[in-house]
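**Student:** Pasting the sequence and the predicted model now:
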2 protein chains.
Amino acid sequence: MEENKATLPFVIDFNLLSGHSSSRTTTKRHLSKMKGMYADDLAFEQKLSEGDPLLYEFYELVLPEKPGELLFGTSIVNPGKVGNEYYMTKGHFHTILETAEVYYCLSGEGILLMENPEGDWDTQEMKPGSAVYVPPRYAHRSINTGNVPLVMFFVFRADAGHDYGTIETKGYRKLVVEQDGQVAIIDNPKFAW
Amino acid sequence: MEENKATLPFVIDFNLLSGHSSSRTTTKRHLSKMKGMYADDLAFEQKLSEGDPLLYEFYELVLPEKPGELLFGTSIVNPGKVGNEYYMTKGHFHTILETAEVYYCLSGEGILLMENPEGDWDTQEMKPGSAVYVPPRYAHRSINTGNVPLVMFFVFRADAGHDYGTIETKGYRKLVVEQDGQVAIIDNPKFAW
């Protein structure tokens, strides 16, 4: 879409249970694209040697990267674990740090993990009908703690941009893992303070 | 919430079928608040004399009115007609005209009617799973053409603002009515050209 052309109204379907659209294709992240992002490198290599499972996928629209436009779509995180750490998205800061994002959970259950450069962090529980506000400045990662896909509808400013690099380099301060059959939030031993 | 205070992450539940939240209350628009907005004034007065039905309701969050923040919630438009015109929201332009909005239909069926100051107009069909993009500059009105509540999740920039006055004075160029048992889009005889 050209930058200088006015955007026109349009509709896209996203199934309320599966999150999938009949008219678009998703961007897919398989395990092999997440090297170094899970705490347990041995468990990662072991799992990868058995195949390269799809961890998550999401829809990416193309709209003018202007502060008055909004991008939206769904993300679908599959259930599973690498070691005791639940399947999750890479997560990202927005390049324009002062921009928020809204997540609305359609199906499944999980946790939205958030942290800002100042070191404040937060987790919010996602279940069908949960709308989570990711305020400006907060990196955000979606984590599936359940047994079915975690499906969320998201909206953010079209010029916000994605900064994956900071997270890939530093990691998050916290991990979400299974401990004694329960969901637990623990310190990330790999976090680059 | 104070303007100079950083926004923190939070979660709100919005039931995926009813749209209702257990922790908030809605703003309600009854028929009496819509005087002059339906084409058939006689049918309006007749209906009002029989009671003052709830046409629609919606959730309004309070967040800093900054371009990096987002407001979100649900709107619920009840089924019904005034004359042959379906129950609808007032609709509005954004005060900051160059800001978009996203609507995601959770339940029911209807039409999103949009028009910009240049006179371009558009309608998009809403059914469960339809995500409609309201581009910058477009006034937007939700119309319930079905038999159950039309429930939508919406997101827009927190500083966008609502300009209801232009619509209240001029109206929309088009009406959505029932003709011979079908949904029809016709010219608005009251539109102030």
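**Tutor:** Received it, and whenever you're ready, just let me know what you need.
**Student:** So, low pLDDT: which residues of chain A?
**Tutor:** Applying pLDDT under 70 to chain A flags the ranges A:1-4.
**Student:** ok, longest helix in it?
**Tutor:** The helix spanning the most residues in chain A, taking DSSP state H as the definition, is helix A:41-49.
**Student:** And the closest residue to A:Thr99 other than its chain neighbours, how far from A:Lys5?
**Tutor:** Counting by CB to CB, 6 or more residues apart in numbering or on different chains, A:Ala160 is the residue found nearest to A:Thr99 once chain neighbours are left out, at 4.1 Å. Bear in mind the C-beta positions are built from the backbone N, C-alpha and C, glycine included. With distances defined as CB to CB, to the nearest Å, the gap from A:Ala160 to A:Lys5 amounts to 21 Å.
**Student:** still on that earlier bit, what's the neighbour count on the residue nearest to A:Thr99?
**Tutor:** With neighbours defined by other CB atoms under 10 Å in any protein chain shown, the count for A:Ala160 comes to 23.
**Student:** Please apply the same query to A:Leu61.
**Tutor:** 16.
**Student:** Is it in a helix, a strand, or coil?
**Tutor:** The three-state label for A:Leu61, taken from DSSP: H, G, I helix; E, B strand; the rest coil, comes out as coil.
**Student:** Please report phi then psi for A:Leu34.
**Tutor:** Quick fix: residue A:34 is Met, not Leu. Geometry field for A:Met34 lists phi and psi as phi -120, psi 20, criterion degrees, to the nearest 10.
**Student:** surely it meets A:Gly91?
**Tutor:** No: under the contact definition of CB atoms under 8 Å, A:Met34 does not touch A:Gly91, with a separation of 10.9 Å.
**Student:** Which of those two has more residues huddled nearby?
**Tutor:** Shown here are A:Met34 and A:Gly91; by other CB under 10 Å, A:Gly91 has more neighbours (22 against 19).
**Student:** how close does that one sit to A:Asn188?
**Tutor:** Using CB to CB, we find A:Gly91 at a distance of 12 Å from A:Asn188.
**Student:** and for those two, which residues touch both?
**Tutor:** When contacts are counted by CB atoms under 8 Å, 6 or more residues apart in numbering or on different chains, A:Gly91 and A:Asn188 are jointly contacted by A:Tyr172.
**Student:** contacting residues around the residue nearest to A:Asp163 when sequence neighbours are not counted?
**Tutor:** Distance criterion CB to CB, 6+ apart; nearest residue to A:Asp163, sequence neighbours excluded, is A:Phe93 at 4.2 Å. Residues in contact with A:Phe93, defined by CB under 8 Å, 6+ apart, are A:Pro117, A:Tyr138, A:Ala139, A:His162, A:Asp163, A:Thr166, A:Ile167.
**Student:** how about a cut-off of 6 Å?
**Tutor:** A:Phe93 makes contact with A:Ala139, A:Asp163, A:Thr166 under the criterion CB atoms under 6 Å, 6 or more residues apart in numbering or on different chains.
**Student:** go on, A:Ser22?
**Tutor:** Neighbouring residues of A:Ser22 by CB under 6 Å, 6+ apart: A:Asp13.
**Student:** rerun that using 10 Å as the cut-off
**Tutor:** For A:Ser22, the contacting residues are A:Ile12, A:Asp13, A:Phe14, A:Asn15, B:Gly129, by CB atoms under 10 Å, 6 or more residues apart in numbering or on different chains.
**Student:** was I right about the last one contacting A:Leu16?
**Tutor:** Yes: B:Gly129 is within contact range of A:Leu16, at 5.0 Å (criterion: CB atoms under 10 Å).
**Student:** Common neighbours of these two, please.
**Tutor:** Applying CB under 10 Å, 6+ apart, one finds that B:Gly129 and A:Leu16 are jointly contacted by A:Thr74, A:Leu106, A:Phe153, B:Tyr104, B:Cys105, B:Leu106, B:Ser107.
**Student:** Would you mind putting those into CSV with secondary structure alongside?
**Tutor:** Conversion of the shared contacts of B:Gly129 and A:Leu16 to CSV gives the following (three-state DSSP):
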residue, secondary structure
A:Thr74, strand
A:Leu106, strand
A:Phe153, strand
B:Tyr104, strand
B:Cys105, strand
B:Leu106, strand
B:Ser107, strand
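**Student:** Mind telling me what element the residue nearest to A:Asp163 is part of?
**Tutor:** Of the helices and strands defined by DSSP states H and E, A:Phe93 is found in strand A:93-94.
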